[in-house]
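Participant: can you look at this prediction? I've put the sequence above it.
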Amino acid sequence: MSVSKTMLPNPFDLSDSEIIEKVYVCHTYDDEVFDNEPLFNAVSNVIKLSSRIVGATLRIDEPNGFIAKPITLSSFKPEFSKLKLMSCQMMTQAWGMENVHQTTLRILQQVRAFSWDAKALIALAAFALEYGNFWNLQQATDPVGNSLKLLNQIQHRQLQVSELHQTVKLVMKAAEIMERWRALSADENYETEDVPALSDALHLIPLLVYWILATLVACNTNLHTLSNYPLAEFRAKLSPALEDFKLQLEKCEYQKAIVEDYRRRKLNIKKPKDIVDFLKLLINQNGSQNAKIHDGNAKRIVNVEVFKDKFVLLFISGLNRIEDEIRLLNSIYERLVEDPNDKSGFKKEEFKILWIPIENKWGDAKREFFNTLKSEIKWYVVDYVEPLPGIKIIEEDLKFRGNPILPVVKPQGFLLNDDALDIIFEWGIHAFPFRKSDGYLLAQKWKWFWDEVKKTNLHGIQVKGDRYIFIYGGSEKWTREFAMAVDKIKKHETIKRADAIIEYHHLGKDDPKIVPRFWIGIEGKRQKKHSDKLDCEIQEIAKSLLCLKQDTQGWAILSKGSNVRILGHGQPMYQTVADFEKWKDRVLVKEGFDIAFQEYYDTKRDLPAPQPCEFNTSDVLATITCPNASCGRVMEVTSVNYKCCHGDVAHHGLQSRPTTPGLVPATPEL
């Protein structure tokens with residue numbers, strides 16, 4: 001039963017979504033095996049070589065760069081009967097836009113099991129049978145050719161050659177674009193997760209395939225002068241569908257290039273040539289587009305080669321809430337420059353700091369804020385890169401999750417430390433050269449001390465690198481006033497703006513018996529004999545702590561996490577906290593509350609001193625041989641007495657203060 005003409009829709013009256021819906025009805029799974037390349041080469045030869053003949057007929061120049069693709073006839077056998085039948089269907093349907101639509105859907109039904117690109121290519125091949133025959137016979141001069149020309153009425157067809165030529169070229173262009181998409185989508189090295197535009201392109205193909213087939217139907221009918229369809233209207237539909245698909249294909253190819261670039265970087269980051277190669281993999285675009293690096297000290301742009309043979313502290317962060325980190329790294333930069341001597345086999349002058357800023361979207365406001373931050377930096381900064389080429393490497397291999405990190409990279413391009421930020425926040429330049437082992441050794445130097453402190457019950461105070469802790473003791477009046485002054489600082493607006501957490505602990509407040517136990521523990525550490533460097537440093541610390549005990553007013557210790565910064569006597573420590581209004585602004589300028597505190601404390605160290613430290617013991621401390629040559633027996637040393645002048649103790653940032661000028665330590669009495 002035939003469908004009446006009035007029931008068939010005019011495709012030019014249908015919306016894109018209505019056409020796509022009808023096309024999808026004519027499509028099943030792409031399970032038909034199809035070898036595109038030989039057929040595409042054959043069709044391309046026919047269409048493009050025919051275009052040269054058309055160009056000569058119309059006296060227009062056609063591109064001469066086309067070289068016919070080689071065709072192996074023995075290995076490729078297109079189904080001629082099906083192609084011929086399809087071609088006949090194109091040209092034998094009755095005139096009318098509704099019939100073009102019906103014939104297009106009929107052809108789609110016949111190729112329903114083929115992929116989208118194969119549908120279009122098969123239809124184009126069916127058209128190329130007639131199109132190639134027509135133009136090949138049109139230029140024939142031999143008897144057989146002339147006879148075939150007569151039988152096909154080549155000379156009597158009234159064609160709008162220019163319109164047909166433009167339209168066929170557009171269809172061929174669409175076929176080439178679809179062939180690019182086929183090759184890309186068939187590449188098993190890429191999934192839609194890698195190239196999401198592939199999925200988006202798939203949604204555009206049904207509409208494009210429909211207008212390719214509908215245009216071919218109109219062209220084939222016009223070629224045989226059985227109708228005179230306005231081909232410009234078909235081009236007006238095909239052209240935007242093709243442009244949309246082409247743009248999507250370009251997205252696919254761009255995303256594919258990004259994936260290939262990522263895979264290359266991912267492979268090379270495992271075996272970089274050196275630190276320069278490592279950094280290039282993170283910040284340089286492909287080709288010769290090198291990232292700009294700002295030298296904050298010299299205020300000029302430098303090349304990444306400036307890091308050759310250097311250790312790099314690689315600061316990676318966003319822009320928000322990094323003022324503390326910038327102040328800290330400014331301080332580290334100054335310490336590296338002012339003291340470039342060797343330490344543990346490392347030269348400080350070989351360590352450089354580089355900031356890679358990371359933002360999802362750079363706008364004018366972000367760039368202005370970035371420039372403000374950059375103006376405060378004395379080290380190196382990568383000017384914002386959009387998009388940052390190595391962002392996935394930074395996220396996956398350097399484990400950047402949005403919070404600032406500070407990997408330390410060796411000159412060979414391998415990590416010395418995957419994130420040194422925590423140990424630098426806690427230990428500062430003393431953690432140089434910023435290996436995890438350096439932080440561990442520093443923590444071990446103070447572990448015994450914190451073990452003794454924790455025995456006194458810290459009442460929930462956490463010894464962490466982001467907290468400042470006062471531990472204090474002394475006379476009732478002094479400890480009360482000191483606690484009130486510290487509590488006032490803790491609640492101060494400046495401290496809140498600096499995001500500083502301050503805790504304080506009065507040693508023995510709840511249980512006075514804890515105090516002598518604490519000092520006995522310190523004294524026991526002092527009396528032990530040690531040989532290695534770490535143990536000798538621990539003895540010096542114990543000696544400095546025992547000096548504090550002699551202060552009749554009081555004493556206080558300030559630490560940043562486990563890092564004890566100041567061992568202070570009563571009066572200068574109290575005066576420093578009491579004068580907070582005088583030095584509060586330094587907290588927001590310096591790299592930490594402890595640094596600002598110590599600067600002011602140093603100005604108060606000459607306040608009236610306590611009595612000199614005295615220390616006596618009757619324990620057996622050592623054995624010596626009697627100096628009398630006629631005796632030679634072993635003698636026990638059972639007493640030692642010394643007095644401390646509270647001279648400067650330069651040990652890991654610890655500060656004591658002098659007493660009466662000219663007083664020197666007494667010689668131990670044996």
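Facilitator: Received it, and whenever you're ready, just let me know what you need. Numbers count the residues shown, from 1 in each chain.
Participant: just the pLDDT at Cys613, thanks.
Facilitator: pLDDT for Cys613: 51.
Participant: ok, now how distant is Ala218 from Leu231?
Facilitator: With distances taken as Cβ to Cβ, to the nearest Å, Ala218 is found 6 Å from Leu231. (C-beta placed from N, C-alpha, C; glycine too.)
Participant: shared neighbours, those two?
Facilitator: Thr167 (Cβ atoms under 8 Å, 6 or more residues apart in numbering).
Participant: can I assume Ala201 is in contact with Trp181?
Facilitator: Yes: judged on Cβ atoms under 8 Å, Ala201 makes contact with Trp181 at a distance of 6.2 Å.
Participant: shared neighbours of these two, anything?
Facilitator: Joint contacts of Ala201 and Trp181 (Cβ under 8 Å, 6+ apart) are 245, 249, 252.
Participant: so what's the first one up against?
Facilitator: With contacts defined as Cβ under 8 Å, 6+ apart, Phe245 is in contact with 174, 177-178, 181, 201, 204-205, 208.
Participant: residue boundaries of the helices in the stretch 301-450 of the chain?
Facilitator: Taking DSSP state H, counting those that start in this stretch, the helices of the stretch 301-450 of the chain run over residues 323-338, 364-375, 391-396, 421-427, 436-454.
Participant: relative to Pro38, which of those helices is closest?
Facilitator: Across the helices of the stretch 301-450 of the chain, Pro38 has its closest neighbour in helix 391-396 (39.3 Å, Cβ to Cβ).
Participant: pLDDT on the closest one, on average?
Facilitator: Averaging pLDDT along helix 391-396 yields 95.
Participant: helices or strands next to it in the packing?
Facilitator: helix 231-269, helix 275-283 (3 or more Cβ pairs under 8 Å, 6 or more residues apart in numbering; DSSP states H and E).
Participant: and it, what's buried?
Facilitator: Using 16 or more other Cβ atoms under 10 Å as the burial criterion, the residues of helix 391-396 that qualify are 391, 393-394.
Participant: can I get those residues in CSV with distance to Asn563?
Facilitator: Shown next, in CSV, are the buried residues of helix 391-396 (distance: Cβ to Cβ, whole Å):
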residue, distance to Asn563
Ile391, 34
Ile393, 33
Ile394, 29
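Participant: from those residues, which is closest to Asn99?
Facilitator: Distance to Asn99, by Cβ to Cβ, is smallest for Ile391 among the buried residues of helix 391-396, at 54.9 Å.
Participant: thought that closest one was touching Ile358?
Facilitator: Yes: contact status for Ile391 versus Ile358: in contact at 6.8 Å, counting by Cβ under 8 Å.
Participant: hang on, the earlier thing: hey, which of the helices of the stretch 301-450 of the chain is tucked in deepest?
Facilitator: The highest average neighbour count among those, using mean count of other Cβ atoms under 10 Å, belongs to helix 421-427 at a mean of 23.
Participant: just want the most central residue of the protein.
Facilitator: The centre of the chain sits closest to Ile391, judged by Cα atoms, centre = their mean, with a distance of 3.0 Å.
Participant: contacts only, for it.
Facilitator: Taking Cβ under 8 Å, 6+ apart, we find Ile391 in contact with Ile358.
Participant: now it: how far from Met573?
Facilitator: For Ile391, the distance to Met573 - Cβ to Cβ - is 48 Å.
Participant: what is the burial count for Asp579?
Facilitator: Asp579 has 15 neighbours, counted by other Cβ atoms under 10 Å.
Participant: does it touch Tyr600 like I think?
Facilitator: Yes: assessed by Cβ under 8 Å, Asp579 is found in contact with Tyr600 at 6.8 Å.
Participant: before we move on, what SS does His505 have?
Facilitator: Recorded secondary structure, His505: strand (DSSP: H, G, I helix; E, B strand; the rest coil).
Participant: beta partners for it?
Facilitator: Going by DSSP bridges, His505 is paired in beta bridges with Ile471.
Participant: dump stretch 90-110 to CSV, keeping only the CA atoms.
Facilitator: The C-alpha trace of stretch 90-110 is given here as CSV (Å, rounded to 0.1, in the frame of the first residue of the first chain):
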residue,chain,number,x,y,z
MET,A,90,17.7,8.1,-6.2
MET,A,91,16.8,9.1,-9.8
THR,A,92,13.4,7.3,-10.4
GLN,A,93,11.4,8.8,-7.6
ALA,A,94,8.7,11.2,-8.5
TRP,A,95,9.5,14.9,-8.3
GLY,A,96,8.8,16.7,-5.0
MET,A,97,10.5,17.5,-1.8
GLU,A,98,8.3,14.9,0.0
ASN,A,99,9.6,12.2,-2.3
VAL,A,100,13.2,13.2,-1.7
HIS,A,101,12.5,12.7,2.0
GLN,A,102,10.9,9.3,1.4
THR,A,103,13.7,8.1,-0.8
THR,A,104,16.3,9.2,1.7
LEU,A,105,14.6,7.2,4.5
ARG,A,106,14.3,4.2,2.2
ILE,A,107,18.1,4.3,1.5
LEU,A,108,18.7,4.6,5.2
GLN,A,109,16.7,1.5,5.8
GLN,A,110,18.8,-0.4,3.4
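Participant: pLDDT of it, averaged?
Facilitator: 89.
Participant: contacts for it?
Facilitator: With contacts defined as Cβ under 8 Å, 6+ apart, stretch 90-110 is touched by 3, 5, 8-12, 22-23, 26-27, 82, 86, 89, 119, 123, 126-127, 130, 209-210, 213-214, 216-218, 220-221, 223-224, 226-227, 229.
Participant: repeat that for stretch 124-140.
Facilitator: Applying Cβ under 8 Å, 6+ apart, the external contacts of stretch 124-140 come out as 39, 42-43, 46-47, 50, 53-54, 57, 78, 83-84, 86-87, 90-91, 145-146, 148-149, 152, 154, 157, 168, 171-172, 175, 212, 216, 219-220, 223-224.
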